[in-house]
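# Predicted model and sequence follow; I will ask about them next.
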Number of protein chains: 4
Amino acid sequence: MNIGFIGLGNMGGPMALNLLKAGHTLEVFDLVPASVQRLTDAGAHALASPADLARSQVELIITMLPAARHVKAVYMGEDGLLAHVAPGVRLIDSSTIDPMTARDVAAAAARQGNPMLDAPVSGGTGGAAAGTLTFMVGGSAADFEQAQPVLAAMGKNIVHCGGAGNGQVAKVANNMLLGISMIGVAEAMNLGVALGMDAKVLAGVINTSSGRCWSSDTYNPFPGVLDNAPAARGYSGGFGTDLMLKDLGLATEAAKQARQPVLLGALAQQLYQSFSAQGHGELDFSAIIQLYTGTSQ
Amino acid sequence: MNIGFIGLGNMGGPMALNLLKAGHTLEVFDLVPASVQRLTDAGAHALASPADLARSQVELIITMLPAARHVKAVYMGEDGLLAHVAPGVRLIDSSTIDPMTARDVAAAAARQGNPMLDAPVSGGTGGAAAGTLTFMVGGSAADFEQAQPVLAAMGKNIVHCGGAGNGQVAKVANNMLLGISMIGVAEAMNLGVALGMDAKVLAGVINTSSGRCWSSDTYNPFPGVLDNAPAARGYSGGFGTDLMLKDLGLATEAAKQARQPVLLGALAQQLYQSFSAQGHGELDFSAIIQLYTGTSQ
Amino acid sequence: MNIGFIGLGNMGGPMALNLLKAGHTLEVFDLVPASVQRLTDAGAHALASPADLARSQVELIITMLPAARHVKAVYMGEDGLLAHVAPGVRLIDSSTIDPMTARDVAAAAARQGNPMLDAPVSGGTGGAAAGTLTFMVGGSAADFEQAQPVLAAMGKNIVHCGGAGNGQVAKVANNMLLGISMIGVAEAMNLGVALGMDAKVLAGVINTSSGRCWSSDTYNPFPGVLDNAPAARGYSGGFGTDLMLKDLGLATEAAKQARQPVLLGALAQQLYQSFSAQGHGELDFSAIIQLYTGTSQ
Amino acid sequence: MNIGFIGLGNMGGPMALNLLKAGHTLEVFDLVPASVQRLTDAGAHALASPADLARSQVELIITMLPAARHVKAVYMGEDGLLAHVAPGVRLIDSSTIDPMTARDVAAAAARQGNPMLDAPVSGGTGGAAAGTLTFMVGGSAADFEQAQPVLAAMGKNIVHCGGAGNGQVAKVANNMLLGISMIGVAEAMNLGVALGMDAKVLAGVINTSSGRCWSSDTYNPFPGVLDNAPAARGYSGGFGTDLMLKDLGLATEAAKQARQPVLLGALAQQLYQSFSAQGHGELDFSAIIQLYTGTSQ
């Protein structure tokens, strides 16, 4: 299939490479020449603007952008995709943005005959490179069916979450819970160790009890518990604190619009904000445990 | 083995019955005659006081009491167990109390030659009846070894958590995390559903993603997601809000003594307190989701 | 002076009437005919659109609008004020909006030669009618000097807060503190009374001690403490919960953009959100005390 | 009057000296010889134990002790005051402790004919030296009347708060509110300054608006706003973070026993705990603003 791809950064770049590996041809665009270069070196064809890309012979356009304002500009800007794309061309936005914007863009696309899916991912840059991302997909069942083979070239877990915007809803809800759980594990581990328990023994108890969670059994923030978690390598790599902070910002903003209280979610956001303000926004989000131990200060 | 058992309530009663079923003989005491009756009907021998029980020919005494003040009174009171028990008789306290008191009592017991374990449980009244409790055990490895066969008659998961008091530490840390996770799941589920997602689909995404936790995949608080969770039966049965509140009280008090901040833990405590103050302390703790939806108000 | 006034609702209407009383002539616009009628009955001249008003012979235009999106539309929309107003006409926006939008609009106005002030108010509909509002004003010192006589016709406390946007900053910071203090007083009063103190005696102690604050000595939320506070009249009138919620939304959003943690501010926002979600958004914000006592549930 | 005084530390020492200055004779006791020495140098008579002091010819005994366990030991211990004091001798405990313990001790004293008041103070070591403390007094109106002249030698604001324990209730409620307000001011000041306002201008607006409070107008935590607040001298002196932490511990514990939620109070406690855990427990509590700015880290 001839696919357009806009946004070739840390996530979009390796995702696009996986599409090439799967045998698709690519028309690509990014503002950063070096990011484009990596893709053209691998066989993609570069275009000068989203408008040019929209006018090329692509059947599907995928976008992977930093925030809602970029998505709005690329799709709905004066010289954006929707102004130039032919009816029938399918659109997939894999950016993580608020559900409302995702629905606005999808509605605008639908009005002019372009089926659109929101398909944010989890799995980080490692998952993007390995082609093992999880896609949380919002849109019609038929559009989801059609998109699945293409998404399968970039990820291994492709989940249909319901209508337009629901991919974003699933991501924002899951990541808010993740942000809360991680701090919960940090507090529980610190408390238990301060009271005299061995960290590995405590994690073992939790992981076979009702406190069991991904943040404890797969990504434990306490140093020495897991050999392959970010805590074992100085909290480098992984899912950065500032990215978690962005997702919690989306969650609390969505909650505000839905008039839904999220007390722990809002407090978690403030704690990651505190940690980021101390200069640790680049560390993996599990480093939030240092806000309690003061290790890094 | 001839075993003494003090505290024959909702938890202690069925635990003692399981000891009888396993072939042990029992000397029992409780302040409530009906609770004693159930055990004597099943073959146990009743005694008039903890002091009498301590002076009987038991090799081991197990206690299951509501709170630290009862444990202190039963063991260290003027006419308590320690004042009358022969050296060498082993002691197991299965009450859920603060680690400091557990250590104080164990130290007093050790000084007069009575090896003692703290062995709080999880699994609720259902687990107590079925003999499937989890025991979190603090004390020496040798004492733990000796106790294991007896505990195995009442539970299926017997975990050694380290020295005296560490059973309590493990329980308090695990349950604080549980209390946080449950509210996190409640917020995430409510937010997702308010934003337009189907609850079962959302739970499915979370349960295969980084938000995965026991509170979501085994005990989901959102009605309709799991057929066998308390949410499916009006939040009856299960682990009561006021019991969770008690455990969070132990956790925050232990944190205060350890000078360890637990921000989400303290906020979770206040939220269960709010829900209990509205008159819902008897409901399963997963009913905390109603604090957000106002369903019950 | 010939003044334009846009936004004649609960706040803007009485403010505009006070300008008429002070002898100014008014050109007015509002989308709601009844709101316009009240002003034309009092001698104002109605115009059909912001554009018409901008093209009329006014020396100064004042706007009082519900939210940032209305401010953006009225000033920067295709057919908005800035597209039609003559250079030199002065602009004052008294809406409560985020500081960033206030600065964007002021910068756009300045670029085309229209000096602009942001001048949000406090004092509620009572203060608007009585002409006793407080104006928190952002903009140059010279522009502030010129505006003062006009603002003095509508308020009695006119404070210069620094450059463009700082009026909004002052309001958002003050009201976040107010929202926190009110909940703090509610918790302290409830706690003291639950522990056996008389509410009036407790308020008396607080008001002469280090807990002293406006929320306690002037607006105490506990029924029976003050005769003239909203608590004495079923929490009717006053400053609505949903307005406080809006201001806390502005505060936490501004904090997010400034990368500044506001832990109590964010939790306060969630508590007012909880109370509003229970159906009490119309009550005065001091009714938040009912979230604790459950009186209204 | 011949008065007994137990507890001659940073607070009790200067308080006792003021009693001497007022012409009373003193029988004193403290565990620390240097503390006793300061008083005997000034004319007091030292005794070897609380029991000796209770048996001496005092009409009134005042105690000023660090925590509830000391109060219980001194009054109700085997060789404590109540075991040796003659009926009719009046008792005043100025320690800051939980209301329940205060009531237990007062009830025990009343049973044997010793009228007792709880009379915790605010005003710090400065107020103790200057004789300008505030006394919050719980007990009968008649006992309060009798005690007033003696208390007036040590303080200038003597408030009757109702029956036994209510002095402690008033202090705990006021100080919880103070702890919340101070963090609220810290967040509001930091937010406003981060958004571009001058700190003094912002404090000026707040102090004449609805955010007005003692923490802002008398004790502002932002450096440079007030010349005579701890912020102007590196947060030395004043009311230490660890003392605020102790009072918030009393407040949340009392709330737990009263089954009363205190969400902001509990979060405030955790924030002071975080700051103390970073090693700043000796700084004035207004230094909590550094938890946000990271200045001291």
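All right, it came through fine.
# and stretch A:115-128, what's its mean pLDDT?
Mean per-residue pLDDT for stretch A:115-128: 93.
# and that stretch, is it in reach of chain B?
Yes - on the criterion CB under 8 Å from any CB of the partner chain, stretch A:115-128 is in touch with chain B at A:Ser122. For every residue, glycine as well, the C-beta is placed using N, CA and C.
# tell me which residues in that stretch are buried?
Buried residues in stretch A:115-128, counted by 16 or more other CB atoms under 10 Å in any protein chain shown: A:115-125, A:127-128.
# cool, and stretch A:21-28?
For stretch A:21-28, using 16+ other CB under 10 Å, the buried residues are A:24, A:26-28.
# what about that stretch, start to end distance?
Start-to-end span of stretch A:21-28 (CA to CA, to the nearest Å) is 15 Å.
# how far does the longest helix seen in chain A sit from the chain's center?
In chain A, with assignment by DSSP state H, the single longest helix is helix A:166-194. Helix A:166-194 sits 16 Å away from the centroid of its parent chain (CA atoms, centre = their mean, to the nearest Å).
# for stretch A:224-232, same thing?
Relative to its parent chain, stretch A:224-232 has a centroid offset of 23 Å by CA atoms, centre = their mean.
# Mean confidence (pLDDT) on that stretch, please.
On average, stretch A:224-232 scores 96.
# Okay, buried residues for that stretch please.
Of the residues in stretch A:224-232, A:225-226, A:229-231 count as buried by neighbour count, 16+ other CB under 10 Å.
# ditto for stretch A:281-289
Those would be A:281, A:283-289, for stretch A:281-289 by 16+ other CB under 10 Å.
# quick one, what contacts the closest residue to chain B within the stretch 1-150 of chain A?
Nearest to chain B in the stretch 1-150 of chain A, going by CB to the nearest CB, is A:Pro99, at a distance of 5.5 Å. A:Pro99 makes contact with A:118, A:138, A:165-166, A:168-169, A:172, A:254, B:195-196, according to CB atoms under 8 Å, 6 or more residues apart in numbering or on different chains.
# any low-confidence regions in the stretch 151-297 of chain A?
A:294-297 (pLDDT under 70).
# Now for the buried residues of stretch A:21-28: which two are most distant?
A:His24 and A:Val28 (11.5 Å; CB to CB).
# picking up where we left off before, let me have the buried residues of stretch A:115-128 in TSV, extended by distance to C:Thr208 and secondary structure.
Shown next, in TSV, are these (distance: CB to CB, whole Å; DSSP: H, G, I helix; E, B strand; the rest coil):
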residue	distance to C:Thr208	secondary structure
A:Pro115	68	coil
A:Met116	63	strand
A:Leu117	64	strand
A:Asp118	58	strand
A:Ala119	61	coil
A:Pro120	56	coil
A:Val121	59	strand
A:Ser122	56	strand
A:Gly123	59	coil
A:Gly124	57	helix
A:Thr125	60	helix
A:Gly127	61	helix
A:Ala128	62	helix
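# Chain C: which of these is nearest?
Using CB to the nearest CB, the buried residues of stretch A:115-128 come closest to chain C at A:Pro120, 20.0 Å.
# just to revisit the earlier point, okay, the angle between the longest helix of chain A and helix B:166-194?
Interaxial angle of helix A:166-194 relative to helix B:166-194 (axes from the mean of the first three to the mean of the last three CA atoms, to 10 degrees): 170 degrees.
# what's the following helix or strand after helix A:166-194?
helix A:199-207 (DSSP states H and E).
# residues from the stretch 101-250 of chain A in reach of chain C?
Counting by CB under 8 Å from any CB, the stretch 101-250 of chain A sits next to chain C at A:Gly249.
# Could you pull out the strands in the stretch 151-297 of chain A for me?
A:155-160 (DSSP state E, counting those that start in this stretch).
# what's around the closest residue in space to A:Gly9 that isn't next to it in sequence, how many residues?
The shortest distance from A:Gly9 to any non-neighbouring residue, by CB to CB, 6 or more residues apart in numbering or on different chains, is to A:Ser35 (6.1 Å). For A:Ser35, the neighbour count with other CB atoms under 10 Å in any protein chain shown is 18.
# how near is A:Asn114 to A:Ala83?
Applying CB to CB, to the nearest Å, the value for A:Asn114 to A:Ala83 is 12 Å.
# same check, this time on A:Ile183
44 Å.
# Kindly report the same for A:Asp52.
12 Å.
# what does A:Gly9 give?
24 Å.
# A:Gly240 too?
Counting by CB to CB, the gap from A:Gly240 to A:Ala83 is 34 Å.
# Skipping adjacent residues, who's closest to A:Gly7 in space?
Nearest non-adjacent residue to A:Gly7, counting by CB to CB, 6+ apart: A:Met64, 3.8 Å away.
# Domain map for chain A?
A:2-163, A:168-293 (automatic domain parsing).
# For the longest one, what is the distance to the chain centroid?
Domain A:2-163 has its C-alpha centroid displaced from the chain centroid by 13 Å (CA atoms, centre = their mean).
# Who has more neighbours out of A:Asn114 and A:Ala83?
Taking other CB under 10 Å, A:Asn114 and A:Ala83 do not tie; A:Asn114 has more neighbours (21 against 14).
# Tell me who's in contact with the more buried one.
Counting by CB under 8 Å, 6+ apart, A:Asn114 makes contact with A:82, A:85, A:87-91.
# any idea what sits nearest A:Ala44, other than its immediate chain neighbours?
Ranked by CB to CB, 6+ apart and with sequence neighbours excluded, the top spatial neighbour of A:Ala44 is A:Leu26, at 4.0 Å.
# Same question for A:Arg259.
C:Ala277 (5.8 Å).
# which residues in chain A form helices?
Under DSSP H, chain A gives helices at A:12-21, A:33-41, A:50-55, A:68-76, A:81-84, A:99-111, A:124-130, A:141-152, A:166-194, A:199-207, A:214-217, A:241-257, A:263-275, A:290-293.
# what's the neighbour count on A:Ala173?
So A:Ala173, with other CB under 10 Å, has 35 neighbours.
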